[in-house]
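Novice: Provide a 3D model corresponding to the input given below.
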Amino acid sequence: MTSSQPVATPNALNFTPDNKNFYSYSGAIASSAGNFVTMLEFTTQSETLVGQIVFSGPILASDPGNGSDGNFKLSMNGAEILIINFGTSAEDMQSYSVTPVIIPPFTTVKIEYLSADGSRTGYANLVGEAIGMTDVGYQ
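Specialist: Numbers count the residues shown, from 1 in each chain. Prediction:
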């Protein structure tokens, strides 16, 4: 199965033409203060996904040097697996995180974002190897 979805498609898991790799990019997502918003959400089929999620933010597009606080949440089949807090308002705080992940077959994955003040954007990129996909013979 290959995909012709745009690169930033929050509700799609995309595969390379040879079905050996996968990707899903949220694009810039803003949240309202106090409410998580969905960045990525999809359900795997018979494939196992082995890769990494890169979370970045919270960033104010008009002033990227002026940080804030925010949270990213990863859930699988409705169970919270991971919450990462970012405090980019301080110069020594991280602005991104690379998180290794293995996603089993038939799993609903949801990645959410919360900006402390509601004016910051966040990004989630999920990339890696798809195991168990049908080999389509593309190089």
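Novice: where are the low-confidence patches of this structure?
Specialist: 1-10, 59-68, 87-94, 135-139 (pLDDT under 70).
Novice: middle-most residue in it, spatially?
Specialist: residue 124 (3.2 Å; Cα atoms, centre = their mean).
Novice: Kindly provide the distance from it to residue 18.
Specialist: 24 Å (Cβ to Cβ, to the nearest Å). All C-beta spots, glycine's among them, are computed from the backbone N, C-alpha and C.
Novice: quick one, what contacts the closest residue to residue 78 other than its chain neighbours?
Specialist: Spatial nearest neighbour of residue 78, excluding adjacent residues (Cβ to Cβ, 6 or more residues apart in numbering): residue 108 at 7.2 Å. Counting by Cβ atoms under 8 Å, 6 or more residues apart in numbering, residue 108 touches 41, 42, 43, 76, 77, 78.
Novice: Residue 46 now?
Specialist: 105, 106, 132.
Novice: Specify the local secondary structure of it.
Specialist: Following DSSP: H, G, I helix; E, B strand; the rest coil, we place residue 46 in the coil state.
Novice: what about it, distance to residue 108?
Specialist: Taken as Cβ to Cβ, the span from residue 46 to residue 108 is 14 Å.
Novice: Let me have the contacts of residue 108 in CSV, adding secondary structure as columns.
Specialist: CSV is the format used below for those (three-state DSSP):
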residue, secondary structure
41, strand
42, strand
43, strand
76, strand
77, coil
78, coil
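Novice: Please identify, among those, the one with the most neighbours.
Specialist: Tallying neighbours with other Cβ atoms under 10 Å puts residue 42 at the head of those, with 20 neighbours.
Novice: Can you report phi and psi for the closest residue to that residue other than its chain neighbours?
Specialist: Leaving aside its chain neighbours, residue 42 sits nearest to residue 13 (4.3 Å; criterion: Cβ to Cβ, 6+ apart). Residue 13 adopts backbone torsions of phi -110, psi 120, taken as degrees, to the nearest 10.
Novice: rewinding a little: if we only consider the contacts of residue 108, which is nearest to residue 95?
Specialist: residue 41 (23.8 Å; Cβ to Cβ).
Novice: Great, nothing more from me.
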